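Novice: Give me coordinates for this.
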Amino acid sequence: MKKMIIVLAVIGLLAGFAHASDKDAAKALVEEAVTYVNSQGKDKALAEISKAKGAFDKGELYVFAYDLDARVIAHPKNPKLIGKNLAEVPDNDGKLFRKEIVEIAKTKGTGWVDYKYMNPETKKPEPKTTYLQKVGDIIVCCGTYK
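Specialist: Below is the predicted model:
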């Protein structure tokens with residue numbers, strides 16, 4: 001019984017480290033994209049962010065971008081979203097998380113937003129957190145499931 005408790009505790013710790021690592025990776029990818037925006041310009045950066053398997057598409061972790069009205073302006077996984085204003089589209093619990101993303105971007109410039117979103121792997125709504133950073137008139141984001 002003690003061994004099982006120890007194994008479960010270790011698994012719990014490792015899961016916590018993995019999540020922290022995913023959050024760090026999401027933040028780092030956003031920071032790389034912001035650097036790219038600043039060095040290459042907005043248009044070139046949005047094109048690269050929208051490129052499937054491009055510099056900012058790392059599989060489960062990928063960068064996407066909104067304008068300051070919550071209109072999708074870059075997305076490597078779902079190009080059909082580009083041009084759509086998603087401010088009024090809630091998460092699975094009714095939270096207007098994109099409005100929160102815009103508000104944090106406008107007031108603080110950077111931060112994290114938690115919400116629930118359909119995980120394409122499990123096909124179930126799951127807790128997700130997204131790191132965001134405002135650069136000029138765009139909001140660069142990357143999320144990870146918790």
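Novice: can you give me the strands for the chain?
Specialist: Using DSSP state E, the strands found in the chain span residues 57-58, 61-67, 72-74, 110-119, 124-135, 138-145.
Novice: Okay, and the beta partners of the closest residue to residue 46 other than its chain neighbours?
Specialist: Spatial nearest neighbour of residue 46, chain neighbours left out: residue 74 (4.4 Å); criterion: Cβ to Cβ, 6 or more residues apart in numbering. Where C-beta positions appear, they are placed from N, C-alpha and C, glycine not excepted. Beta-bridge pairing for residue 74 (DSSP bridges): residue 65.
Novice: Pick the most deeply packed of the strands of the chain.
Specialist: Most buried of these, by mean neighbour count (mean count of other Cβ atoms under 10 Å): strand 138-145, with a mean of 24.
Novice: ok, now which ones touch residue 23?
Specialist: Contact partners of residue 23, counting by Cβ atoms under 8 Å, 6 or more residues apart in numbering, are 112, 129, 131, 144.
Novice: Burial check on the nearest residue to the last one once chain neighbours are set aside, number of neighbours?
Specialist: The reference is to residue 144. Spatial nearest neighbour of residue 144, excluding adjacent residues (Cβ to Cβ, 6+ apart): residue 22 at 4.1 Å. Around residue 22 sit 18 other residues, with neighbours defined as other Cβ atoms under 10 Å.
Novice: what separates residue 22 from residue 87, distance-wise?
Specialist: 26 Å (Cβ to Cβ, to the nearest Å).
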